[in-house]
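*Asks:* A structural model of the following input is requested.
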Amino acid sequence: MNDPNRPPVTGYPAPTQPPPPQNPNGYTQPPPGTAYPYAAPPPSSAAYYHNNNPYYQQQPPHPYAAVATQRATFLRRVIAIAIASMVITATFVFIVWLILRPKLPEFRVDSLSVSNLNLNNSLISANWDLRFTVKNPNKKMTLYYDEVALAVFYDYESLSDTTVAPFYQEKRAETGEKASFATKGSYVNNRVFDDMSKERERRGVIGFNVRMFARIRFKAGAWRARRRFIRVYCRGLDVGVGSGKSSGNLIGGSRQCRVGL
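*Replies:* Residues are numbered from 1 along each chain as shown. The predicted structure follows:
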């Protein structure tokens, strides 16, 4: 017998709460408090694709790459060694220079004589005899003069040139040398010829200049410096050869010369 007070049986349990809302795309939103199996969101699809695609797998290094790396390392080591060698060499040379303190030689003209002087129509004929002294001021170095060339000038006009034999100097030594010049019927610039003739007539002297060019070597024991080229200028060498004279000597004593590289 049916109880009239009992509710009708529907065959389904009565819902206790409303169902979650449905997404239009068919995705059901999980209930609040749902935990995810990952602490961070899953990787992107691109990274997943690259990691699982055989064409994007990391390839082994090319055999030439190792050779190129070794070559670059070798070049860097060579450059470092070359720079270190240059620094060491420069430091050594500087220390040697501080110890030895090389100085250039000193030159002095002791006498200058002229003979057979003849000036005529921009032509000059004459003979010069020069005596000079060379001093080595170095206390620890000897000097070798491999080549010494000389020339006599009036103003900037060369009149004659010559050379002297190579010689050698000990420390703090002085060496006397002589040189002879000669010219016959040599043409000189008209302006230079006129200035020479006027000076001879007005002052009774002719002021000559002597220039020297020397190639020398410095030596201290087993240490040898490279060759140096020096230039020597001896100016204002007044020789007394007035009008009517064909010979004369240096006036005013010896002259110190200027020396430079």
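*Asks:* what about the closest residue in space to Val114 that isn't next to it in sequence, how many neighbours?
*Replies:* Spatially, and ignoring its direct neighbours in sequence, Val114 is nearest to Val239 (5.0 Å; CB to CB, 6 or more residues apart in numbering). For every residue, glycine as well, the C-beta is placed using N, CA and C. Applying other CB atoms under 10 Å, we find 22 residues neighbouring Val239.
*Asks:* before we move on, what about the one 4 residues further on?
*Replies:* When neighbours are counted by other CB under 10 Å, Ser243 registers 9.
*Asks:* Quick check: the residue nearest to Val114 touching Arg203?
*Replies:* No. If you go by CB atoms under 8 Å, Val239 and Arg203 don't touch, sitting 11.0 Å apart.
*Asks:* which residues does the residue nearest to Val114 contact?
*Replies:* Listed by CB atoms under 8 Å, 6 or more residues apart in numbering, the contact set of Val239 reads 112-114, 205-208, 248-251.
*Asks:* any idea which of the residues you listed is closest to Phe74?
*Replies:* Phe208 (63.8 Å; CB to CB).
*Asks:* Surely the closest one touches Asp155?
*Replies:* No. If you go by CB under 8 Å, Phe208 and Asp155 don't touch, sitting 9.5 Å apart.
*Asks:* between those two, who's got more neighbours?
*Replies:* Using other CB under 10 Å, the more surrounded residue of Phe208 and Asp155 is Phe208, with 24 against 13.
*Asks:* partners of the helix or strand where that one lies, with directions?
*Replies:* Secondary-structure element containing Phe208, defined by DSSP states H and E: strand 206-220. As defined by DSSP bridges, the strand partners of strand 206-220 come to strand 142-154 (antiparallel), strand 223-224 (antiparallel), strand 228-239 (antiparallel).
*Asks:* can you pull the buried residues of stretch 132-142?
*Replies:* By neighbour count on 16 or more other CB atoms under 10 Å, the buried set for stretch 132-142 is 132, 134, 136, 138, 141-142.
*Asks:* And the furthest pair within those?
*Replies:* By the measure CB to CB, Phe132 and Met141 form the most distant pair in these, at 21.1 Å.
*Asks:* on that earlier part again, point out the most buried one among the strands paired with strand 206-220.
*Replies:* Ranked by mean neighbour count under mean count of other CB atoms under 10 Å, these are led by strand 142-154, which reaches a mean of 19.
*Asks:* Counting by contacts, list what the helix or strand just after it packs against.
*Replies:* Note on strand 142-154: by DSSP H and E, the next helix or strand toward the C-terminus is strand 157-164. Secondary-structure packing of strand 157-164 (3 or more CB pairs under 8 Å, 6 or more residues apart in numbering; DSSP states H and E): strand 123-135, strand 142-154, strand 174-187.
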